[in-house]
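A.B. asks: below is the sequence, then the predicted model.
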Amino acid sequence: MTFKVKPASVTKFGDALHDLRLDADQAKTYAAKTKPPASGFSAMVRFLNSCQEVKPAVEDFFGHLSKVSQASAKELRAAGKTYTALDQDARARLDAKYPKG
């Protein structure tokens, strides 16, 4: 078994992680803006208010997911370009070995 990389697939994965970053940014914005419209002393109101207490953690989570996704997307896209260039170089070296004629 040999190792083989499909540069287009690596780049496509990078694109998917970039999209994940955009989704994480939207989720963070949504979490920051969402406030339950509730007041009173019912169990549901207490539950909704307790959700507000975890809001900073949710925002931090989506912020971290955004950063990790963007960094990973950047590296995967760069790897895809590198593999494409290496494949082109390998083809050029092989072609150079054939007699011209």
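C.D. replies: Nice, thanks for sending it over. Since the structure is predicted, the reported quantities are computational estimates derived from the model, not experimental observations.

A.B. asks: what about whichever helix or strand Phe62 is part of, distance to the chain center?
C.D. replies: Using DSSP states H and E, Phe62 sits in helix 43-97. Distance of helix 43-97 from the chain centroid (C-alpha atoms, centre = their mean, to the nearest Å) equals 3 Å.

A.B. asks: check stretch 10-27 too.
C.D. replies: Remark: stretch 10-27 is offset 4 Å from the chain centroid, using C-alpha atoms, centre = their mean.

A.B. asks: excluding chain neighbours, what is closest to Thr14?
C.D. replies: Let me fix one detail, which is that residue 14 is Gly and not Thr. Nearest residue to Gly14, sequence neighbours excluded (C-beta to C-beta, 6 or more residues apart in numbering): Leu76, at 3.3 Å. C-beta coordinates here come from the backbone N, C-alpha and C atoms, glycine included.

A.B. asks: residue contacts, that neighbour?
C.D. replies: Val10, Thr11, Phe13, Gly14, Leu17 (C-beta atoms under 8 Å, 6 or more residues apart in numbering).
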